[in-house]
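# I'll drop the sequence and a predicted model, then ask my questions.
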Amino acid sequence: MLFRYFFACTALLAATTDTRPAAGNEPPHTVAPPNIVVIFIDDMGYADINPFGATRYKTPNLNRMAKEGRIFTDFVVSSAVCSASRSALLTGCYHTRIGIRGALGPKSNTGLNPAETTLAELCRSRGYATAAFGKWHLGHHPKFLPNRHGFDEFYGIPYSNDMWPLHPAALAKRAKDPKAAIPWAALPMLETQGEHGYRIANNNIQPADQEQMTKQFTERAVSFIKRNTEKPFFVYLPHPMVHVPLYASEEFRGKSGAGLFGDVVMEVDWSVGQILNAIEDIGVERNTLVIFTSDNGPWLSYGTHSGRATPLREGKGTMFEGGYREPTIMWWKGKIPGGTECDQLCSTIDLVPTIANLIGAKLPTHTIDGKNILPLMTGEPNAKSPHEAFYCYYGGGQLQAVRNERYKLVFPHSYRTLNGHPGGTGGLPVGYQQAKMQLSLFDLDQDVSETTNVIDEHPDVAQQLMAAAEVAREDLGDTLRKRKGSGIRPAGKLTDQDERLPLLWQ
């Protein structure tokens, strides 16, 4: 094992500080700050891996990660949709605060504002090597790409793998009408070069290319880890899977016995094993934090090609628990207690302030919304959620719910649902129905499925959460109430002078 000596860290690194007397005239030193790996799956449901209840296929590497680490049963994202969720993880802010909403597509001229400070930039400020491999989805034009946001390396796709003219739904549409317009450009594979450059590694991804994505991104992440034994590293691995359309490599097709979705999950599980093995191969497992989670819940309309959120209500595209509560595991040998569980409310927005404290990085002066959850991660006795209130924003800025560690107040709004009907088959979706939600209070400790409205039994709790919602509306707005927030910062905008990513429209 190569020991890496680095700068003095903050008090939160006291647990890793070598306090032995220095030999001779050698100065005392600290153990290197921890390496960070974030594995971010796309559209994975709460019940899609064995540690969270999946039984149709095996996830042995995630089982190992849970046995040696800690699972989080109330870990949530900022919003149940791709770009919004990713922006929150990387900035520590509610997506609404930084102007990122929904899922940015190839016709979008917006992206993550360069003025925002990302987790990669915080790590780089402390001497880390930084890399991202997979799906970016925070703006595809050059000014928004990962190398403009603190990543030394990026290899991946600029947005979702279904924003693609070869999506099964697009092919079915063209089969009926060969002249039908398809609203997608060819999907490219990008590789950044230096702080501002990039190249198009593949300008027209084909199904055979998608089959290799999980393997390819994993291999690049492993190579990056093994190339950085002399300095701390941050790896962001946002896999395009298990987002539709589903693809698995030849080694995993048919392996699960549970259809293509099971095969894809098993390949994702293999990827996790490769990352853990690489960390152990270079001997830094006691100085590396690995976080596994997802950007939002399952896309239920795709049925057999979708995951499951059991026992949670609904899925992706809603702020019911099935949409934004994610299966989460954290692993750090010697720091995170193995085989343990945390049921306290915490979120992806908490990763930025927590990791900043761990590595001694200075947080930006502008407002962030996350909290330090290190006591929850390390299993500190009696550690509690740092969130007195968590705001559930969706759509164009609708505050659909507000919750605390136990209770959730849901405001009247429209939402999509299958209403008990099955989803589609063969990679094709079925249509959603629209339903109306009334003002409701749910006791998530007793009713995680959000089935029983207890607002009449707990009017005091409802009032407390209504007051918290007013604070949110003043700060972040609420389009349901036609309110504009005072604390919202703009997303990045493409100007006429900015370079544009060339796209091949079909």
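Great, that's in hand. Numbering: from 1, shown residues only.
# elements contacting the longest helix seen in the chain?
Using DSSP state H to define each element, the chain has its longest helix at helix 259-281. The contact analysis (3 or more C-beta pairs under 8 Å, 6 or more residues apart in numbering; DSSP states H and E) places helix 259-281 against strand 35-41, helix 60-68, helix 213-227, strand 233-238, strand 288-294. In this view, the C-beta of every residue, glycine as well, is placed from N, C-alpha and C.
# in its sheet, what does the shortest one sit against?
Using DSSP bridges, the neighbouring strands of strand 233-238 in the sheet come out as strand 35-41 (parallel), strand 129-135 (parallel).
# Quick check: which of the ones you listed is nearest to Ile488?
Of all the strands paired with strand 233-238, strand 35-41 sits nearest to Ile488, with 24.6 Å by C-beta to C-beta.
# Neighbours of the closest residue in space to Lys143 that isn't next to it in sequence, how many?
Leaving aside its sequence neighbours, Lys143 sits nearest to Asp498 (C-beta to C-beta, 6 or more residues apart in numbering; 5.3 Å). Using other C-beta atoms under 10 Å, Asp498 is surrounded by 13 other residues.
# what's the answer for Ser440, then?
18.
# quick one: pLDDT of it?
On pLDDT, Ser440 comes in at 98.
# quick one: contacts for it?
Counting by C-beta atoms under 8 Å, 6 or more residues apart in numbering, Ser440 touches 409-410, 450, 453, 455.
# let's go with 6 Å and repeat that
410, 453 (C-beta atoms under 6 Å, 6 or more residues apart in numbering).
# Now do it against Asn453, distance only.
Distance, Ser440 to Asn453, using C-beta to C-beta, to the nearest Å: 4 Å.
# helix or strand for Ile200, which one?
Taking DSSP states H and E as the definition, one finds Ile200 inside strand 197-202.
# Flag every buried residue along that strand.
Buried residues in strand 197-202, counting neighbours by 16 or more other C-beta atoms under 10 Å, are found at Tyr198.
# how many neighbours does the closest residue to Gln206 other than its chain neighbours have?
Here the nearest residue to Gln206 in space, its sequence neighbours aside, is Leu166; by C-beta to C-beta, 6+ apart that works out to 7.2 Å. Neighbours of Leu166 under the rule other C-beta under 10 Å: 20.
# Next, Leu166: phi, psi?
Leu166 adopts backbone torsions of phi -100, psi 10, taken as degrees, to the nearest 10.
# Distance of Asn113 relative to Leu119?
Distance from Asn113 to Leu119, by C-beta to C-beta: 15 Å.
# same deal with Gly273?
24 Å.
# ok, the two, which is more surrounded?
More crowded of Gly273 and Leu119, by other C-beta under 10 Å: Leu119, with 24 against 16.
# For the stretch 101-250 of the chain, just list every one of the strands.
110-111, 129-135, 153-157, 189-193, 197-202, 233-238 (DSSP state E, counting those that start in this stretch).
# quick one: contacts for the spatially most central residue of the chain?
What sits nearest the mean C-alpha location of the chain, by C-alpha atoms, centre = their mean, is Asp295, with 3.6 Å. The contact partners of Asp295, by C-beta under 6 Å, 6+ apart, come to 42, 82, 85.
# Recalculate using a threshold of 10 Å.
Contacts here follow C-beta atoms under 10 Å, 6 or more residues apart in numbering; on that basis Asp295 touches 40-44, 77-86, 88-89, 135, 137, 238-239, 243, 316, 324, 326, 348.
# Compute the number of surrounding residues for Glu219.
If we define neighbours as other C-beta under 10 Å, then Glu219 has 14 of them.
# Against Ser160, how distant is the closest residue to it other than its chain neighbours?
Using C-beta to C-beta, 6+ apart and skipping residues adjacent in sequence, the residue nearest Glu219 is Gln274, 7.8 Å away. Distance, Gln274 to Ser160, using C-beta to C-beta: 24 Å.
# gap between Asn296 and Ser256?
In terms of C-beta to C-beta, Asn296 sits 23 Å off from Ser256.
# These two: which is more packed in?
Taking other C-beta under 10 Å, Asn296 and Ser256 do not tie; Asn296 has more neighbours (32 against 21).
# So that one sits against Val77, correct?
Yes - assessed by C-beta atoms under 10 Å, Asn296 is found in contact with Val77 at 6.0 Å.
# Can you find the helix or strand in this protein with the smallest mean pLDDT?
Within the chain, no helix or strand scores below helix 168-176, which has a mean of 89 by mean pLDDT, DSSP states H and E.
# the domain parsing of the chain - what is it?
When the chain is parsed with automatic domain parsing, its domains come out as 33-377, 390-492.
# wait, which of those domains is closest to Leu503?
Closest approach to Leu503 among the domains of the chain is made by domain 33-377 (3.8 Å; C-beta to C-beta).
# Endpoints of that closest one, how far apart?
16 Å (C-alpha to C-alpha, to the nearest Å).
# Check stretch 124-144 too.
End-to-end distance (C-alpha to C-alpha), stretch 124-144: 18 Å.
# pLDDT on it, on average?
According to the model, stretch 124-144 has a mean pLDDT of 98.
# related to what we said a few turns ago, verify the stated contact: the residue nearest to Gln206 with Ile205.
Yes - in this structure Leu166 lies within contact range of Ile205 using C-beta under 10 Å: 8.2 Å.
# Overlap in contacts, those two.
186-187.
# Glu326 contacts Ser85, doesn't it?
Yes - using C-beta under 10 Å, Glu326 is in contact with Ser85, at 9.1 Å.
# overlap in contacts of those two?
40, 76-77, 293-296, 348.
# Same list (these) but as a markdown table, adding pLDDT.
Below are the shared contacts of Glu326 and Ser85 laid out as a markdown table (pLDDT from 0 to 100):
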| residue | pLDDT |
| --- | --- |
| Phe40 | 98 |
| Val76 | 98 |
| Val77 | 98 |
| Thr293 | 98 |
| Ser294 | 98 |
| Asp295 | 98 |
| Asn296 | 98 |
| Thr348 | 98 |
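# Who wins on neighbours among those?
The shared contacts of Glu326 and Ser85, ranked by neighbours (other C-beta under 10 Å): first place Asn296, 32 neighbours.
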